[in-house]
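Participant: what follows is a predicted structure for the sequence shown.
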Amino acid sequence: MTSISIHLNHFPCSHLPEDLLNSVLDWVPYNEKLLFPKVNKAFRQNFLTFGPFGRDVHHIEITTSTYDTMWGGWGKELDKNHEYFWLKIVVFSKNRALANFCIDNEELELGRWRDIYSPVIERIPLRPAIDQPDSNVNKMGIFHCQIPKNGATIMKVIMCDLYRYFKGMPFKIKYEKDKSLSECQLEQWYKNLVATKYKADLWKTNPEATKIAVIRHPLKRFLSLYGYLCEQVNLCGVGTNIHKFTKDVYTLLSTRSVNGTLFKETNQAVLEYHAQPQTWFCNLSTDYQKFHLIHNAGDRLAMRLELQKAFDAAKVPKKYSDQVLFHIVYSDTVHANHDQNHTKNLKAYMEENPQTMAYFNAIYYKDFELLGY
């Protein structure tokens with residue numbers, strides 16, 4: 001890389017000549033204005049993969065400077081015997097700059113580039129969630145706040161079995177994998193039978209309902225959301241990825257419209273319901289201290305213990321709560337994620353992209369603030 005320093009003496013703070021730039025970064029064909037459709041495949045794919053602004057790119061400008069003009073901006077001790085320099089790549093739409101990328105000589109020697117672009121995305125204001133009909137189970141003196149992708153399906157199964165114990169209905173409890181809708185949902189919570197045959201309650205409830213909400217780390221929940229909506233039921237549009245999905249969710253929740261996204265209008269209600277922040281549901285943003293918060297963090301025994309404490313507070317006899325809480329340990333749902341390596345890779349892709357994380361944080365900031373994550 002010694003030849004680069006010699007060339008830079010002749011081209012400080014200016015566009016690099018084509019032969020020099022191609023010798024440094026052979027994946028960047030150089031022009032004063034690089035029209036994005038003409039940029040080579042590797043460079044174009046880099047932007048489409050790691051930046052959701054790829055579709056909007058019109059041209060790219062590249063300049064260079066030395067550390068002398070950026071003294072102090074890098075927060076590092078400079079070796080006076082070694083010449084430091086950096087390349088600046090600015091990505092433009094037709095009307096404005098979209099991002100800045102800087103590459104220093106150490107990174108060039110390793111063939112890497114570093115993204116120092118940190119965009120500011122306007123936060124989506126807090127608002128009440130759009131609930132699905134009958135989504136919050138309020139039986140037996142227990143109010144369960146159903147939050148999608150937080151174990152909502154298995155909680156419905158638990159609440160269904162507990163309700164049948166509460167009303168004295170004969171049934172055989174089943175612990176199994178691939179559970180979906182609870183039998184109570186299929187039977188509309190046995191409204192006719194409760195009105196006629198099973199009127200009595202097996203235990204006395206508290207005057208005020210005990211409130212329960214299962215919560216989850218916002219990023220883990222979001223990755224689960226992507227896996228379900230985009231990879232399982234294919235509602236996210238052709239050609240999406242985790243970066244495009246994050247930006248599309250931001251657009252959907254901020255504008256209440258699918259315009260500018262890959263989402264179809266026919267799927268808007270389902271997508272919007274599932275993607276809402278946890279703190280939008282059940283007034284959690286203001287009343288979270290009134291809830292028993294059950295942490296869905298992968299530790300099933302810990303989750304079972306937290307639910308047991310909530311059921312004890314609701315005066316559920318232990319012989320019944322013990323039975324239904326075995327579902328936490330022994331049952332599973334059709335939506336459960338069993339590919340942890342894939343999820344780990346998706347998480348890394350998100351966290352490596354500042355713009356994607358800026359959109360994500362602009363949606364779910366309140367979940368982090370109030371739920372202790």
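Facilitator: The structure has been received and is ready for your questions.

Participant: in this structure, where's the longest helix?
Facilitator: Longest helix in the chain by number of residues, with DSSP state H as the criterion: helix 354-371.

Participant: and it, what does it pack onto?
Facilitator: helix 218-226, helix 242-255, helix 284-287, helix 340-351 (3 or more Cβ pairs under 8 Å, 6 or more residues apart in numbering; DSSP states H and E). Backbone N, C-alpha and C define where each C-beta goes, glycine included.

Participant: and of those, who's closest to residue 372?
Facilitator: helix 218-226 (11.1 Å; Cβ to Cβ).

Participant: how about that closest one: buried residues?
Facilitator: 218-226 (16 or more other Cβ atoms under 10 Å).

Participant: and what of stretch 339-353?
Facilitator: Neighbour counts over stretch 339-353 (16+ other Cβ under 10 Å) mark 343, 346, 350, 353 as buried.

Participant: nearest to residue 156 among the residues you listed?
Facilitator: Taking Cβ to Cβ as the measure, residue 156 lies nearest residue 343 of these, at 23.5 Å.

Participant: got a markdown table for the buried residues of helix 218-226, with pLDDT and distance to residue 209 too?
Facilitator: As requested, those are arranged in a markdown table below (pLDDT from 0 to 100; distance: Cβ to Cβ, whole Å):
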| residue | pLDDT | distance to residue 209 |
| --- | --- | --- |
| 218 | 96 | 26 |
| 219 | 96 | 31 |
| 220 | 95 | 28 |
| 221 | 97 | 25 |
| 222 | 98 | 29 |
| 223 | 96 | 32 |
| 224 | 94 | 28 |
| 225 | 96 | 28 |
| 226 | 96 | 33 |
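
Participant: which one of these is nearest residue 177?
Facilitator: Taking Cβ to Cβ as the measure, residue 177 lies nearest residue 224 of those, at 17.5 Å.

Participant: list the contacts of the nearest residue to the closest one once chain neighbours are set aside.
Facilitator: Counting by Cβ to Cβ, 6 or more residues apart in numbering, residue 224 lies nearest to residue 149, which is 4.8 Å off, once chain neighbours are set aside. Shown in contact with residue 149 (Cβ atoms under 8 Å, 6 or more residues apart in numbering): 216, 221, 224-225, 228, 274.

Participant: quick check: pLDDT value at residue 149.
Facilitator: Listed pLDDT for residue 149 reads 93.
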